[in-house]
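K.L.:
got a sequence here, can you build the structure:
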Amino acid sequence: MINIFLVLNFAICALGLVQIQLNHFFVDFNGPISQLLPNCVGVDTDFGVYLTDSNYSALQTFSKLQQNAVKTTMSIDNSTLFTLPSATSFVSVAASFSIRCSTSPYPITDMFLIFTDYKDSVDENSVSINVRTLSVTYGWVLTCGFVRFCETPTEFGFNCDQHCLPVNDMYFCYTCDGFGRKLCCDKNDVNQSDCSYNGYTGPTPSTTTVMSSTNCNGSSAKENAYFWSMIGLAILSAILLLLLIIALGWLFLRRKELKEDESSKEEKNKPKNSKASRESRPVSRNSGRRSRRPYYIDDHYFENQGYDDDTLADEWVEPMPRRVARV
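P.N.:
Sure, this is the predicted structure:
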């Protein structure tokens with residue numbers, strides 16, 4: 001039987017993605033905006049959030065129009081969500097705030113550095129912090145919420161490429177902490193050194209550090225062999241099914257051909273129609289004439305008759321010549 005849990009674990013390893021969300025933006029200008037833009041009554045603002053890593057960059061912007069220039073603070077209610085499509089060695093999040101006024105040809109813009117993280121850091125499955133940072137030029141204060149999390153609760157690490165699944169079978173028993181480290185079950189029959197049940201003499205699992213067997217690339221050879229054997233079995237099943245469909249199709253076509261051959265043989269062996277035979281028979285020239293009976297002489301005329309010349313002369317009648325019609 002296929003271990004669905006193990007297959008899903010391998011699928012998760014291939015789909016580990018890091019997601020970063022920022023929300024509740026609040027900017028304090030340390031005074032009214034009109035101090036920076038004199039003679040301005042209303043201003044338009046643009047707020048942008050930049051995300052950059054070693055392979056990817058993205059920008060999300062939000063605008064607020066016709067804001068009162070006497071404001072000293074401004075909040076941006078929108079939230080941002082970034083998904084890192086591939087593994088990276090660092091992540092950096094920055095923001096920019098721009099103020100425009102119709103009486104000034106140039107906007108006022110300042111930058112904030114919100115968050116920077118590197119691959120060497122040990123990260124939990126989900127990190128949520130409140131950020132407070134100052135702008136580079138004017139010293140504006142930006143506060144926001146920052147959440148960095150993996151797509152599934154079994155993923156850990158900087159690139160969410162480390163995995164830990166709780167296990168409780170006949171050999172081992174352990175759970176996972178927030179950093180993906182294995183925690184042995186608190187049972188009397190479980191060894192706290194390797195999380196195995198007492199009496200188990202099989203191979204000892206890897207150490208329970210975050211870079212140990214929780215990593216997809218650090219899976220045991222047995223799990224890898226099992227996974228690829230299941231993949232091979234699925235491919236073999238698909239091939240056998242395809243061959244079965246081809247064989248059934250060939251048998252169907254062969255049976256149809258045999259039926260057609262039998263039908264053609266029966267047509268050839270049928271007797272010809274008598275009417276057709278008569279029509280095909282050549283017509284004789286005399287077929288339209290009535291058949292004549294053969295001539296015969298009744299011998300009673302010759303009984304007790306004498307054959308003298310007078311009798312024959314009286315009896316003889318000159319036959320009339322017959323006319324033969326030409327056809």
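
K.L.:
distance check, residue 36 against residue 139.
P.N.:
12 Å (CB to CB, to the nearest Å). Quick note: C-beta positions are derived from backbone N, CA and C, even for glycine.

K.L.:
the more surrounded of those two?
P.N.:
residue 36 (17 against 11; other CB atoms under 10 Å).

K.L.:
give me the neighbour count for residue 43.
P.N.:
Neighbours of residue 43 using other CB under 10 Å come to 25.

K.L.:
for it, what are its contacts?
P.N.:
Counting by CB atoms under 8 Å, 6 or more residues apart in numbering, residue 43 touches 33, 37, 66, 67, 69, 99, 100, 101.

K.L.:
please repeat the previous calculation with a cut-off of 6 Å.
P.N.:
33, 67, 69, 99, 101 (CB atoms under 6 Å, 6 or more residues apart in numbering).

K.L.:
also residue 80?
P.N.:
Contacts for residue 80 (CB under 6 Å, 6+ apart) come out as 22, 49, 60.

K.L.:
which one of those is nearest to residue 263?
P.N.:
residue 60 (74.0 Å; CB to CB).

K.L.:
check contacts around that closest one.
P.N.:
49, 80.

K.L.:
partners of it in the sheet?
P.N.:
Taking DSSP bridges, one obtains residue 49 as the residues bridged to residue 60.

K.L.:
got it, and residue 99?
P.N.:
Taking DSSP bridges as the rule, residue 99 bridges to residue 45, residue 108.

K.L.:
distance of it relative to residue 194?
P.N.:
In terms of CB to CB, residue 99 sits 61 Å off from residue 194.

K.L.:
which one of those two has more residues nearby?
P.N.:
Each of residue 99 and residue 194 has its neighbours counted (other CB under 10 Å); residue 99 has more, 21 against 17.

K.L.:
that one reaches residue 106, doesn't it?
P.N.:
No. Counting by CB atoms under 6 Å, residue 106 is not a contact partner of residue 99; they are 10.4 Å apart.

K.L.:
residue 138 contacts residue 110, doesn't it?
P.N.:
Yes. Counting by CB under 6 Å, residue 138 touches residue 110, with 5.1 Å between them.
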